[in-house]
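Asks: Mind folding the following:
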Amino acid sequence: MTLTYLLLAILLVVLEGIYEGLKYRGWHKVSGVIEFIFLAVVTISAYLWVMGIDFPYQGLTIESNWWKILVGYLLFRFGIFDKVLNIAMGVPFDYVGSTKWYDNIVGWLQMKLGAFFSGIRLCCFIAGTLILFYGNTDRILN
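Replies: Purely as a prediction, here's the structure:
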């Protein structure tokens, strides 16, 4: 039951990283199919939630601890998204682009902090994973 948030986060982050990475590599058709699946999951989930229909998995209901799940997802995504994107793009694991404002900030932090910044991202990934796993329990962030 608690694993559902984590599995959904993995699905969303990995699908987004793969379709963006394949798009940068020039595989536009395959990227478009994966992007369609990603957007379909997000869109259908949003409509189910707005309509008040319970998700097909236990534990995906919006409760008073929704902010825990949001924080966990953001930490999880910050920790792993760029790594998935780099693998899908076929570039070095620690590559940071320069096309978006976010890339420039992360590149600057990586240049200034070096391996310490990688450690921060790893800690964010671990913290996000734990928060998502225990998000609908009282075991974390009471």
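Asks: the bottom helix or strand of the chain by mean pLDDT?
Replies: Every helix and strand in the chain was compared by mean pLDDT, DSSP states H and E; the lowest is helix 28-51, with a mean of 77.
Asks: For it, could you pull out the residues that count as buried?
Replies: For helix 28-51, the neighbour count (16 or more other C-beta atoms under 10 Å) marks 31, 34, 35, 38 as buried. No exception for glycine: its C-beta is placed from N, CA and C like everyone else's.
Asks: Show me what it packs onto, helices and strands only.
Replies: Contact here means 3 or more C-beta pairs under 8 Å, 6 or more residues apart in numbering; DSSP states H and E; on that basis helix 28-51 packs against helix 3-25.
Asks: Name the residues that touch the helix it packs on?
Replies: For helix 3-25, the external contacting residues (C-beta atoms under 8 Å, 6 or more residues apart in numbering) are 28, 30-32, 34-35, 37-38, 41-42, 57-60, 69, 72-73, 76-77, 80-90, 128-129, 132-133, 135-136.
Asks: With distance to residue 24 added, can I get the buried residues of helix 28-51 in TSV?
Replies: Converted to TSV, the buried residues of helix 28-51 look like this (distance: C-beta to C-beta, whole Å):
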residue	distance to residue 24
31	9
34	13
35	13
38	16
